[in-house]
Each structure stands twice: as C-alpha cells, then as structure tokens.
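[1] sharing a model prediction with you, sequence too.
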Amino acid sequence: MSARALGKQLGGLDLTVDVADGALRRCVGDVDRFLAQDWTRRPHVHRGDGFDDLLSLDDVDHILATMALRAPAFRLVKAGQPLAQPTYTRPARIGSRPVADLIDVGKVHAAFDDGATIVLQGLHRYWAPLTAFCRDLEATLTQPVQANAYITPPVSSGLRVHHDGHDVFALQTYGRKQWVAYEPGIDEQQPPATPLMDLQLQAGEALYMPRGAPHAARTVDAASVHITIGIRSTTWAELLRRVVTDIIDEAEFDDVLPTSYAHDPQTLAPAVAARLDDLASRITARDAGAVATAAADRFWSSRPPQLSGQLRQLLAADQIDDATEVVRRPGATCRLMSTDGRLTAQLGDRRLRMPVSLAPAMTFVAAHRDFAVNDLAGLLNEASRTVLVRRLVREGLLMVAQ
C-alpha cells in the first residue's frame, strides 16, 4: 500500500498502544462477562490473587513517614466525620515559603491508634504501582480513573452509608473489611436493617460498586487497607450537553429576548418555538462521526505520558543509532490520524505533526512493543529512521532498551 493510500486509511483508524485488560481482569476475573452483566448495573465480587503489590501496609508506613505529605493529599475521618485538619498537620517551611498543612506523622499515628481512618488521596498521581495499574484500567475502559486508599484500625468505621457519583472498585490489600450495600434511593441517614449485600472482603479480593449504590464499610477484629479505584465515566448527558453548548456558541443565539416578554410569556412562545426548531435542525445536521471522534480526542489528549526515567532517556537519545533497540514506554498511547494531507501522532497530551510519508513507519512503531532502529530499513533511510526514533524517545513514546 502506498503512503498516500495508507494516510487516507489512517483518517479512520486509531492505533492505540498498550490497550490491555490485565488490570480489569485482576479486579473482575472474566472481563467479557463482567462488562456484559455487571458493569454499571450491580455489585460484583471477585476472589482475586492479591493486591498488596499495589499498596501494602509497609508501603503506607513508608508514604506517611517519608514523603512529607500535605493536605489534601491525606485526611483523617472517624465514625463518619472528618477530623479537623489542624489536629494532624503542622506548620513548616518549604524553602522560603511557610506552609500550614504538612503532615504531623506522630499525630496521624496517634489518631489511627484512637480509631481514625487514614485516607490517602490521589495515589494514582505519585505511587508508581497504582499509576501503572490505573493507566491500564483507563486504556481498557477509556474512562478517567483515580485511586484513594483507606487505612482503618480494628473495630472502626470511616465513612457512613453514602453513595458515589462514579463507579468504584474496592481492592482489599491487607486485613479484611465488612461491606454493606443497599438498593438505590434509600434514606442514607436511616438505612434499612436488611441490606442488599453484606459481606466481608478479605485480602486479595475485589468488590465492584456501580455509581449511585449506597454502601458503607467497617472493620471488625482486624485492621484493613483497601484501595478505592474511582471510574469517573463520561456520560451521554455530558457528551450531548457539549454538542448543544457548541452549537449554541457557534450560532447566533446570543441576542436579547424581546422587551416586556415577562409580562405576557405567551407572546414569546412563537419565537421560542422557532429557536427550538432551529436548534433541533442544527443538532440533526451534526456529524455524529465528528462528535464521536472529538469525544475520543478529549479522552486520549488528557492522558499525559508517564515519564519515569525520562532524564536518563533524554541523555541516551543522542546516542541512538541504527543498531539501537527500543521498547514502548509502559502505558504510552499513540493514535495515528491523517488530516489535510498530514499525519498526526497523538501521544497523550501532545501531538506530533509529520509528513504523511511517515505513515508506514509510524504504523510499524505503533504495532510493535520493541524493535531495533534498523527494523525500519524498508520504510525509511538510515538518517530519517534515526531522527524519528530519537524524537519518539524524547516525546515519551519509546525508551532505549536497557
């Protein structure tokens, strides 16, 4: 196939690398069955093989004692109520700047010993095992993912009966925790005596809760560490609201309502009907494919590459030659699109524009997890393939193999 023909084909093809379902399989077991029967519908329990590689009790100790956390990266709750931040933080200086929200490790330990639950928030942003796990989930579900952890002492509860506005996976990494779930719509201040589900989650097990399902958790005779993975799914309402907002912003709907319309609203009704008809016709004329593509672009462009070890890669990039072996960076994404006679490679939050003649080479790159630079010999000359690979290393898609 010629580069031009391939470029036209790429106009309707996304090549997204590292789309695996390993993380979701760890959470649910049979992925296809879960997505068909349980996803967004009902709770699901999976007797997994363990999650302590994601966050162990020793890891929590390390984070608390050595990482100089600042609120709101952590908080404490007890019996359903948040503790006042000054009771577990202290003032300090970071460089020349005074701060008032630095963790006081001793006070946190004392509060935990007194029954408080420690909540670590936004762990997907800085704890490498969870960063990789969440990126894997995101690539499978194409929904944004976040991770918090709850560390609860024995015979304690953190949050009371509540519901989340997003789907949740609870991954038990240490100890065990008693969970109850109720039918949506109950009075969460006075939940019924008989829950829909009452189970004890053991270390290594996972519980899925669809958004809106009221639930609560507590420890009995053992401490607990569990990770809450929140899936902040894009809804049809959000997608359609964006379409309508874009149309209203593009069209001339910003003129003023007639004077005195509020005295006799019925005189306004014909004009309202005309504007609604105009809006409806514009919605009907919207290109559904373009709307779908824009939704996908918003998701992938919000996934910046995970650049752990990038300083070493930048130093190695200038030494890349035809014999160098490279590997795809874990969690990296690459979407290839051809528009206006140019090839675009979207690498998370960055886009590379290049000649469409590079489409065969970039297709090869997207399709292989590892290769040597000279494997591109049939597609590019030596100088061009070396320049391309160096650029892709600098942009975070590839790494020089160690």
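    Alright, I've got the coordinates. Numbering: from 1, shown residues only.
[2] my read: Leu268 touches Pro258, true?
    Yes. Counting by CB atoms under 8 Å, Leu268 does reach Pro258; the two are 6.6 Å apart. In short, each C-beta sits where N, CA and C put it, glycine included.
[3] in terms of neighbours, single out the busier of those two.
    Comparing Leu268 with Pro258 by other CB atoms under 10 Å, the one with more neighbours is Leu268, at 14 against 10.
[4] and that one, how far is that from Ala111?
    59 Å (CB to CB, to the nearest Å).
[5] hmm, which helix or strand of this protein has the shakiest average pLDDT?
    helix 3-10 (a mean of 44; mean pLDDT, DSSP states H and E).
[6] longest helix in the protein, please.
    As assigned by DSSP state H, the longest helix anywhere in the chain is helix 269-285.
[7] buried stuff in it?
    Across helix 269-285, burial judged by 16 or more other CB atoms under 10 Å covers Arg282.
[8] so what does that helix touch, helix or strand wise?
    Where contact means 3 or more CB pairs under 8 Å, 6 or more residues apart in numbering; DSSP states H and E, helix 269-285 is packed against helix 236-250.
[9] need the helices for the stretch 301-402 of the chain, in chain order.
    With helices called from DSSP state H, counting those that start in this stretch, the stretch 301-402 of the chain shows them at 310-317, 359-367, 382-394.
[10] for the second one, the distance to its chain's centre please.
    Taking CA atoms, centre = their mean, to the nearest Å, one finds helix 359-367 lying 26 Å from the centre of the chain it belongs to.
[11] tell me the mean pLDDT for that helix?
    For helix 359-367, mean pLDDT is 95.
[12] likewise for stretch 141-161?
    Taken as a whole, stretch 141-161 carries a mean pLDDT of 92.
[13] just the endpoints, please. Distance across that stretch?
    Using CA to CA, to the nearest Å, one end of stretch 141-161 lies 27 Å from the other.
[14] in it, which residues are buried?
    By neighbour count on 16+ other CB under 10 Å, the buried set for stretch 141-161 is 141-142, 144-153, 156-159, 161.
[15] using PDB, write out every CA atom in the longest helix of the chain.
    Extracted in PDB, the C-alpha atoms of helix 269-285 (Å, rounded to 0.1, in the frame of the first residue of the first chain):
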ATOM      1  CA  ALA A 269     -43.800  31.300  22.700                       C
ATOM      2  CA  PRO A 270     -43.700  31.500  18.900                       C
ATOM      3  CA  ALA A 271     -40.200  32.900  19.000                       C
ATOM      4  CA  VAL A 272     -39.200  30.100  21.400                       C
ATOM      5  CA  ALA A 273     -40.700  27.500  19.100                       C
ATOM      6  CA  ALA A 274     -38.700  28.900  16.200                       C
ATOM      7  CA  ARG A 275     -35.400  28.900  18.100                       C
ATOM      8  CA  LEU A 276     -36.100  25.300  19.300                       C
ATOM      9  CA  ASP A 277     -36.800  24.200  15.700                       C
ATOM     10  CA  ASP A 278     -33.600  25.900  14.600                       C
ATOM     11  CA  LEU A 279     -31.600  24.200  17.400                       C
ATOM     12  CA  ALA A 280     -33.100  20.800  16.600                       C
ATOM     13  CA  SER A 281     -32.300  21.100  12.900                       C
ATOM     14  CA  ARG A 282     -28.700  22.000  13.800                       C
ATOM     15  CA  ILE A 283     -28.400  19.000  16.100                       C
ATOM     16  CA  THR A 284     -29.800  16.700  13.500                       C
ATOM     17  CA  ALA A 285     -27.300  18.000  11.000                       C
END
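[16] can you check what angle separates that helix from helix 236-250?
    Interaxial angle of helix 269-285 relative to helix 236-250 (axes from the mean of the first three to the mean of the last three CA atoms, to 10 degrees): 110 degrees.
[17] list the contacts of helix 269-285.
    Outside helix 269-285, the residues that touch it by CB atoms under 8 Å, 6 or more residues apart in numbering are Val243, Val244, Ile247, Ile248, Ala251, Phe253, Pro258.
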